[in-house]
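S.K.: Mind looking at a prediction? Sequence and model below.
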Amino acid sequence: MNVPNGLTLSRLAAIPVLMAVLLISFPAHDQLAAVLFIVFSLTDSLDGLLARRSGKVSDLGKFLDPLADKLFVLSVFVVLVQEGLVAAWIVLVIFSRELAITILRSVAASQGRIIAAAPLGKTKTITQMAAVTLLILQRPYPVLVPVAGVAVFLAVAFTVWSGLDYLWRFRYLIGPFDTSRIRGGAVLSGGAPSLEEASIQLSHDLGAVLRERGLTVSVAESCTGGMVGALITGQPGSSSYFVGGVIAYSNEAKEKQLGVDRQLLRSSGAVSREVAEAMAEGARAAFGTSLAGSVTGIAGPDADGSSKPVGLTYIAVASARGTSSREFRFSGDREANRRQAAAEVARLLLEEAAEIGRPETRTA
């Protein structure tokens, strides 16, 4: 448990309080309910920001955060239906979408995968929160009734759209679909994808987000020896967003090519969170890109004299929003560890690219 996850839990704790304020009639109770709803909705932005800046992004947070948001919004919608402020079918549509995506996430988790928030999921959340706020305020301020109606329409539209988008993106998790013509040129076998297939899909999705938002990317690699760059440039048209990369295998290369401080290398070691972050920042500065990813680790089969365990890997992402890093402990052979590391770099770059230029939120 950490501060970001604590903020996420605060939204769950706020649910009965907010419902009581909405149901119990006293002066300005609707206005108070709207304020509480907005304040606790903003904790969604704050927990994501703190998690990334402190390097405390966790799988628990990725699972707990969207669950808390869904319960928080849906509980208010249920009260609004009871109070006659919104039609029941609207809540049914929203609930059905959330249930479907929750099931999809559970299936993914059973296969060892975490489904990160997608851009449309974030837009959906914003429209839902705006709709809820206006629905609450339309009771004391009738002039807001038509505005609330428009907000509800947009919320429903984005809810359905984002749900279909998730189901299409992750269709391989829920059935033996014919994916032989999947985007990016990979020939897939159907069902749960192999690591290679999943990596190719990640690189495709990363490229799509980078192109959509006009972003550029660069990489700094150590243990993967160019695999990340190869994965990204395997996509047609990647020259429009991939600027370049550095394979800094030795400490000297990290120092000269990426500007990693020599004392940092000595004190923390080449395989460390601090060096990974310095590598990402160095690559971003060297290539002038919107964001950059880095990876340093011990791929195996032995630790090359280091006291750190084989499979220990640090991945960092740098952008104008700051630099964050993750620690991984892979348990495969040398090749498997390198491939997993390359896939994780692509995944973390995708998550960061999806955040840039959008309101700070991790909700799906």
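M.R.: Done, it's in. Note that this is a predicted model, so its numbers are computed, not measured.

S.K.: Wait, Glu281 touches Ala318, no?
M.R.: Yes. Counting by C-beta atoms under 8 Å, Ala318 is a contact partner of Glu281 at 4.7 Å. C-beta here means a position set from N, CA and C on the backbone, and glycine is covered the same way.

S.K.: Can you pull the residues that touch both of these two?
M.R.: Common neighbours of Glu281 and Ala318, using C-beta atoms under 8 Å, 6 or more residues apart in numbering, are Ala292.

S.K.: Just want to know which of those two has more residues nearby.
M.R.: The neighbour comparison of Glu281 against Ala318 (other C-beta atoms under 10 Å) goes to Ala318, with 28 against 21.

S.K.: Could you pull up the mean pLDDT of the helix or strand in which that one is found?
M.R.: Element membership of Ala318 [criterion: DSSP states H and E] is strand 312-319. Averaging pLDDT along strand 312-319 gives 95.

S.K.: which helices and strands does it pack with?
M.R.: Other elements packing on strand 312-319 under the criterion 3 or more C-beta pairs under 8 Å, 6 or more residues apart in numbering; DSSP states H and E are helix 273-287, strand 291-297, strand 322-329, helix 334-355.

S.K.: Highest mean neighbour count out of the ones you listed?
M.R.: Among the helices and strands packed on strand 312-319, ranked by average contacts under mean count of other C-beta atoms under 10 Å, first place goes to strand 291-297 (a mean of 30).

S.K.: Give the rounded mean pLDDT of that strand.
M.R.: For strand 291-297, mean pLDDT rounds to 96.

S.K.: Ok, stretch 355-364 next?
M.R.: Taken as a whole, stretch 355-364 carries a mean pLDDT of 52.

S.K.: angle of the helix or strand containing Gly244 against helix 273-287?
M.R.: Assessed by DSSP H and E, Gly244 sits inside strand 242-247. For strand 242-247 against helix 273-287, the angle by axes from the mean of the first three to the mean of the last three C-alpha atoms, to 10 degrees is 130 degrees.

S.K.: What helices and strands are in contact with strand 242-247?
M.R.: Short answer (3+ C-beta pairs under 8 Å, 6+ apart): strand 242-247 packs on strand 217-221, helix 227-233, helix 251-258, helix 273-287.

S.K.: got TSV for the ones you listed, with distance to Phe26 too?
M.R.: Output for the helices and strands packed on strand 242-247, formatted as TSV (distance: least, C-beta to C-beta, whole Å):
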stretch	distance to Phe26
strand 217-221	53
helix 227-233	57
helix 251-258	61
helix 273-287	51
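
S.K.: now the ones you listed as TSV including mean pLDDT and distance to Asp302?
M.R.: Shown next, in TSV, are the helices and strands packed on strand 242-247 (pLDDT from 0 to 100; distance: least, C-beta to C-beta, whole Å):
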stretch	mean pLDDT	distance to Asp302
strand 217-221	97	20
helix 227-233	94	20
helix 251-258	94	19
helix 273-287	96	20
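
S.K.: Out of these, the one nearest Leu42 is which?
M.R.: With C-beta to C-beta as the measure, helix 273-287 is the member of the helices and strands packed on strand 242-247 nearest Leu42 (27.4 Å).

S.K.: what's the angle between that closest one and helix 251-258?
M.R.: On the basis of the same axes, to 10 degrees, helix 273-287 is oriented at 40 degrees to helix 251-258.

S.K.: when you give positions from now on, start the count at 19
M.R.: Understood, numbering begins at 19; the last thing we discussed is helix 291-305.

S.K.: Run through who's touching helix 291-305.
M.R.: Residues from elsewhere that reach helix 291-305 (C-beta under 8 Å, 6+ apart): 73, 234, 236-238, 240, 261-264, 266, 272, 275-279, 282-283, 286-287, 307, 309-314, 332-337, 341-343, 345.

S.K.: of the residues you listed, buried ones?
M.R.: Buried residues within these, defined by neighbour count using 16 or more other C-beta atoms under 10 Å: 73, 234, 236-238, 240, 261, 263-264, 266, 272, 275-276, 278, 282-283, 286, 307, 309-314, 332-337, 341-343.

S.K.: Can you tell me how far the residue nearest to Leu220 when sequence neighbours are not counted is from Phe113?
M.R.: Leaving out its chain neighbours, the residue that sits closest to Leu220 by C-beta to C-beta, 6 or more residues apart in numbering is Ala364, at 4.3 Å. Distance, Ala364 to Phe113, by C-beta to C-beta, to the nearest Å: 33 Å.

S.K.: again with Leu224
M.R.: Separation of Leu224 from Phe113 (C-beta to C-beta): 32 Å.

S.K.: Tell me which of these two has more neighbours.
M.R.: For Leu224 versus Phe113, neighbours defined as other C-beta under 10 Å are more numerous around Leu224 (29 against 15).

S.K.: Quick one: residues contacting that one.
M.R.: Counting by C-beta under 8 Å, 6+ apart, Leu224 has contacts Val235, Ile250, Ala364, Leu367, Leu368, Ala371.

S.K.: before we move on, what about Ala105?
M.R.: If you count contacts by C-beta under 8 Å, 6+ apart, Ala105 has them with Val99.
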